[in-house]
Structure formats: C-alpha cells, structure tokens
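1. fold the following.
(2 chains)
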Number of protein chains: 2
Amino acid sequence: MALIVQKYGGTSVGSVERIQAVAKKIKAFADNGDQLVVSVSAMSGETNRMTALAKDVQETPSLREMDVLLTTGEQVTISLLSMALQQLGCDAISYTGSQVRITTDSEHGKARIKSIDDHRIRESLEAGKVVVVAGFQGVDEDGHITTLGRGGSDTTAVALAAALNADECQIYTDVDGVYTADPRIEPKARKMNTVSYEEMLEMASLGSKVLQIRSVEFASKYKVPLRVLSSLIDNPVGTLITSEENIMEQAIISGIAHNIDEAKLSLIGVPDEPGIAYKILKPISEANIEVDMIVQSVSAREGLTNFAFTVHRNDFDKAQAILQSICDELSAMGVQTDDKVVKVSLVGIGMRSHAGIATQMFKVLHQENINIQMISTSEIKISVVIDEKYLELAVRSLHNAFELDKE
Amino acid sequence: MALIVQKYGGTSVGSVERIQAVAKKIKAFADNGDQLVVSVSAMSGETNRMTALAKDVQETPSLREMDVLLTTGEQVTISLLSMALQQLGCDAISYTGSQVRITTDSEHGKARIKSIDDHRIRESLEAGKVVVVAGFQGVDEDGHITTLGRGGSDTTAVALAAALNADECQIYTDVDGVYTADPRIEPKARKMNTVSYEEMLEMASLGSKVLQIRSVEFASKYKVPLRVLSSLIDNPVGTLITSEENIMEQAIISGIAHNIDEAKLSLIGVPDEPGIAYKILKPISEANIEVDMIVQSVSAREGLTNFAFTVHRNDFDKAQAILQSICDELSAMGVQTDDKVVKVSLVGIGMRSHAGIATQMFKVLHQENINIQMISTSEIKISVVIDEKYLELAVRSLHNAFELDKE
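-> Next up, the predicted model:
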C-alpha cells in the first residue's frame, strides 16, 4: 500500500465527462489499496472567464479580491470530483486550501506556501477516503485567501506530498513525460524514464514547459519522488524525477532545452571600470525586468568593454529604452539589440565528470555554420544564444551528435 | 452615523451591470457617513447551473459536497461587489462565511447559525471599509462548509445585524414592501409602513413570500429592526418590521395572507377514541410530510369523528396513498380529498383585544356565498380553507370589509 499524491490540471477536469474519467483513474488506484490525495485545478476556461468578469468591474482588480474570486474555480472542481468518486462507490471528501490548512505568506496572486497542516487529510485517509484538495490556493496567517499564481497546482501537489511524506507525487498532464528535446522540433526525441531534480530544474528554467520551476524546487528540497505522466492514456509510465543517487546509470547529457522568448541587448564600448555591471543592471531591475544571461566581454579598443544580456521578449522595448537613456551617462559607444534570438542548452549531470562537452557542442554548431552570440555555463548545463532561424538545426544536430535518441 | 446591514438577493446582483448599480447604492450610504455590512446571494442562475452540474456527476449529490459547490456562488459575488465598490473609490473588503466566522450546526443544506464572530467585521468597519459578506453560508465547528438553505441570505443578514447590534437590517428585494394583501390579487392593497414581527411571522408562514420565516424569527428574537425595500427604485422607504411596542398606532387587522399550495385530506367516520390523531398523523410524519391545518370534527353518526388536515400540494399523492392504506386498519368509513383548495388568513395583533373579528370574517364570506371548509385560529390570525375558485373574491371582499386600503 502506497500513499500517492496526484495532480490533475484544468484540461483534465475541463468537463463533467473528463471529471468522470479522472474519477475512474483514481478509483483504480484506490481499488489497488493505495491511499490517495488528489490536487486539482479549476476547470479549463473558468479562470479566464472570471478574470474577464473582474476586469469588467474594476480597471485594475484588487489582488486580494481576485484571489477570493479565482479560488472558487478549484472549489467547484473538488466538490464535483468528490461527487464523481462517490458515484463510483469510492468514498471521497473535498478540502479547500483554507480547510486543509495550507498556510502561505500574504503575497496575493503569487503567495508561497509556508506550512501545511496534515492532520485533517490523515484523518480522512485513515477513514478510508480519497482526499480531494483544491490546488493553487491557501490562506495567510490572518485567514485571507491567497493563490500561488499560475502553475500553482503543481506546487500544491508537491507540497502535500512533502508534508505527508508520500511515496510518490504524480503530475498528470497532456504530455507523457520529459523528453530529451521538444518532440515538435526533434522527432527523434526520446522519453526519459528518470531524470534528476537538478537537471529538471535546469530544463524548467531553460524553457521546458513540462513542470513549473517552483514545484521542482520543492520536490528537490524535500526529496519527493515526482512523476510526470499523461492523463490521456491508460497505465502511463511517464518520467520519474528523483534524486541523483536514485538514478542507476546517469547519462552524460540528459537533454536539450530551448527558449524562444529571448531578446539580446548590448552596450558597446563602455569604459571598463569597477561598478559598470551594477550601473547598467540597476535601472533594469528597478523596472522589474528579469535578466537571464549576462556576458561581459573585452572590446576591440583598449580600456573598453562590451556588456550584453538577455531578457524576455515581452520586456524588450522597455529594456531598450532604459539602455538608450543610460548610454550617454556611461559614455558608451552605443546600444545594439536583437530580439530574433533563441537560447539552446545542453543539460546533464554527467558534465561534471566529463571534460570536453562544451568543446564538442561548439564543434557541432561550427560544423553547421551556426554563429554563437553568447555563452553561459553552469556545472550541469551549457547554454548558447543563437539566431532564431538556426533553432531546429541546432537542436537536431546536437541531439544527433550526443546520440540522445539512444538509451 | 448608523451601522446598517443590507442584503441584496440574486436578481439584484445578477450581472456585472447590476453589481455596479448595487455598488452605487451602497456608496451613497457610505458617503452619508453610515457604516455598512452587506450580505449578498449568488448571481441569479448560478445556483441552478451548479445544481445541474452536480446532478450530472452524482445521482443523489452528497449534501456535504453540494455545500462546497454552492458556496462558490456567493464567493464570486462578494469579490466582484468589493471590486465594484473599490472602483467607485469606496474602500471595501469581502469575507466568506468561513472567514467571518459564521458558525452553524452540521446539517448540510439547511444548517442553522449558532454564533457569529464579529471581530473581523468590526476591525474592517473601524478601518473605514464597507464589509461584504457571503450570505447563505457558514462552517460547522469542525470547519466543514455549510449552507443555510434557500432564502438563507436573509437569515445571514439578520444574524449579522443581531451580532453587530446594527441600527437596521435592510432587505433589498423586487417588491417595495409588505402589503395588506397580494397586490396581484387585490389592486387596492396598501403598502404598510410598519408591521410587527409577530404579524410578519404569521404572514410569512401563511404564504406571503416577501421574507423567509427564519429570518423574521431571528429578527424577532434579537429585536433587529428589519426593513424590506425595493432594489429597483431610488430612495425606497419600504416596510419596517419591528417590535409591537415601537408601532405607534396598531391596526386591528394588518393584512390578508393566502396560500395556494394547499391540499385537504379527510378520514371520514373514524371511531372517536383516544390516540386516533396520533395513529393517523404518525405514518404521515414518518413519510416526511408536513401537516399544516388539522381539524377534528364530530361526525353525523354518534361515536364517530371526522379527521381532516391540509398538506402541501406536492405531498398530496403521497399523503392520499398513506391515508387509503390506514383507512381499513382504523375501521374508518372512507377517505375524502380535495387538492383544489386555498387558505386565506386575516392577520392582526389588534385581534387580541377586539372580539368579534372572526364573526365579522365569517359574515363577509357568507355574504359572498363562500363555503368555509376548515377554520383554524391563533391569537393574531384566523385562517379558513376554501375552494380555490373563491380566492380572489375572498381576499377582495375581506380587504374591503376591513377597510385595509385606508391608513
């Protein structure tokens, strides 16, 4: 008998029929003798519908009241799913975030979980019930309703699994696992059976959309075995995300991530003096723009340096304007920008003990005549920024060169 | 500066435009310096929509989960109304029943309020906010979400007014007050400025649909001045329901109530022996049928009695079957039934000190050739059951005879 936490997203519970299908899946586990805690999202479309209502009423909807409004979405799902389970003869009970009690900080719209009281869930499990918990929501210490922000249902599931010391946390989604590359770009991409938290974290932050970064961080911190699997097929296996030491044979390279939302900005010919990075990045961060890669390089002229960084494409215009305004101030020669770039990254824990991966990567890109504009490395990943027209070519040639299609 | 509790029903908040209109009304009070606590229902249509969803999922939806589901309705309204108030520059904050904390017993679907913690509401009022509370809902002592049943939003408002010792509880509805008779039947019916709790209670239980009985009981018990008024017009006056001693000049008859949902059943020629009423009514109450009027009369044959009672027309078939089945058992002569009857009642506190009202009532009905089938009286009301075809005639001639159109 295992204690399993499962999470079903908005599409999986998007209609009465889908809720009934999810109930059947859950019942199969319960019939198998497993104890089940299920975290669900709002039915797909509901969040957008409610957001539109709010905007009809208030120009900039109050964050606190928005949370009161949006949390009704999961509350509807938990009650309907519990009813669907009972209809199948599977005893079930629903809890909102506030009932569980999932305590968060007070940052409405993007709250962070501080603690989970597990006693009600345990009581219900011991009474033989499937426990259905509203994802994405909690309450702060004063009892105000909060939400964890988009993707927060994953985090709820992982946090529940950690609090309950569950045997596994299963995230049901519309993909059937984590792939060595995006299968839409590299048809030979292979589904991985296991991947380490660290690699998954890098992949999530590098643009893989399978899991939210925060849920992986949480799983890693509390060593929750996390499985991504498809809600669309029967008996899925998916990909297990776990500690490095639990992975028998670690590949050198696990996969290739890419991010198409990048834009590059450079300040050319800045006097090379202490504090220059701070002077450039301070106004950027004050404008609430997140910077991804940062590269400072030597300029052709002595005593000068070039300073380049990437931001999300949504922030491109704002960042460009800021850079133009500080160009004179810093006596720089000029601003260069490019919003037609992408980032391609190799991720693998094996890199730590294998030298020469970077060289091999650059060689492959060179052979394909792909110019590398920026490079950034960590212990377990190498990222390059390249022209967006080379995206598919880069991913496919790297996938092939590192033989990622083979186990 | 007064502390006012207001209640707006589902129709008043049935769309974004109506929510905005309600916000404007509330703001006018706030601008006047009053402190406001507003209890609201779910947007009209939402409760039916959710009930249909639940029935798609579970044949007989779990009462507990039904409450989890339905309470999202008011939660949506409180957030949207708070946003609409903020948009008008009127500071507002929403609370669910569970946040307030409105503690109820554990009877899902028809819970009763046990206590209300007023400290959060008072804090928010003192901070200058309009407090918007979800009507119809609470939590039991174990934190399970409960609902008060249909019309429960009125009860929430009155209970809040009692807990806060409010100056007035205003129930906004689609009628502009309490009338001396149903204006659809008697066009000369007059809106009352004041009416006592006791009279209102009788009128509610006799079929007047203006207020739910439980909310009037609550108001009476805690001496909450209760005002019914129209949400459709500006500056409405409505009808004040208050203690008898606050009403300067008490009319002998306040109004005429009627109930068209009655059905009459009689067991004819039952042996007149002790325990006969019990033997007849036990199986009826075991079938969960509520009995309204009961009359035991002497039969034409000595030693025999006739036993008649009325039930709601929805229960007519069921009651008839039960009566048939016990007819032999009790050696009765037969069963007589009539589901084409109505009840017409005269209500007035003045009856206590004025003899002869009943006589006068019977005289009026006799003059119109209306046959009285059953009579039941209390200290402040006289009810008669008559053929439904005489309903309008009876109401109008009584209204005229007792000069209810005059102040």
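
2. and the least confident helix or strand in chain A by mean pLDDT, which residues are buried?
-> Sorting the helices and strands of chain A by mean pLDDT, DSSP states H and E puts strand A:291-298 at the bottom, at a mean of 84. If you call a residue buried by 16 or more other CB atoms under 10 Å in any protein chain shown, then strand A:291-298 has these buried ones: A:Val291, A:Asp292, A:Met293, A:Val295. Heads up, the C-betas are built off the backbone N, CA and C, glycines and all.

3. repeat that for stretch A:173-184.
-> A:Thr173, A:Val175, A:Asp176, A:Gly177, A:Val178, A:Tyr179, A:Thr180, A:Ala181, A:Asp182.

4. now the second one, what's its secondary structure?
-> Right, A:Val175. coil (DSSP: H, G, I helix; E, B strand; the rest coil).

5. what residues does chain A put near chain B?
-> Within chain A, the positions near chain B by CB under 8 Å from any CB of the partner chain are A:16, A:19-20, A:50, A:53-54, A:56-59, A:61-62, A:64-66, A:68-69, A:71-72, A:75-76, A:78-80, A:82-84, A:86-87, A:93-94, A:96, A:98-99, A:120, A:143-145.

6. among those, the buried ones, what's the ChimeraX command?
-> What follows is the ChimeraX syntax for the buried subset of the residues of chain A next to chain B, where burial is set by 16+ other CB under 10 Å:
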select /A:16,19,20,50,53,54,56,57,58,61,62,64,65,66,68,69,71,72,75,76,78,79,80,82,83,84,86,87,93,94,96,98,99,120,143,144,145
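
7. take the residues of chain A next to chain B and keep only those in strands.
-> Using DSSP state E, the members of those that fall within strands are A:Ile93, A:Ser94, A:Ile145.

8. just confirm the first one contacts A:Leu81, I think it does.
-> By that I understand A:Ile93. No - if you go by CB atoms under 8 Å, A:Ile93 and A:Leu81 don't touch, sitting 10.8 Å apart.

9. list the residues that contact both of those two?
-> Contact criterion CB atoms under 8 Å, 6 or more residues apart in numbering or on different chains; residues shared by A:Ile93 and A:Leu81: A:Val132.

10. from memory A:Leu164 sits against A:Ala2, does it?
-> No - between A:Leu164 and A:Ala2 there is no contact under CB under 8 Å: 11.5 Å.

11. which neighbours do those two share?
-> With CB under 8 Å, 6+ apart, A:Leu164 and A:Ala2 have no common neighbours.

12. what about those two, which has more around it?
-> A:Leu164 (21 against 12; other CB atoms under 10 Å in any protein chain shown).

13. contact partners for the more buried one?
-> Contact analysis of A:Leu164 by CB under 8 Å, 6+ apart lists A:Leu3, A:Val5, A:Val37, A:Asp118, A:Ile121, A:Arg122.

14. so the second one sits against A:Ala161, correct?
-> By that I understand A:Val5. Yes - with contact defined as CB under 8 Å, A:Val5 counts as touching A:Ala161 (4.1 Å).

15. need the contacts of A:Leu164 in CSV with distance to B:Gly109, neighbour count and secondary structure, can you?
-> CSV is the format used below for the contacts of A:Leu164 (distance: CB to CB, whole Å; neighbours: other CB atoms under 10 Å in any protein chain shown; DSSP: H, G, I helix; E, B strand; the rest coil):
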residue, distance to B:Gly109, neighbour count, secondary structure
A:Leu3, 32, 16, strand
A:Val5, 31, 29, strand
A:Val37, 26, 28, strand
A:Asp118, 29, 17, coil
A:Ile121, 25, 23, helix
A:Arg122, 27, 16, helix
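
16. no more questions from me, cheers.
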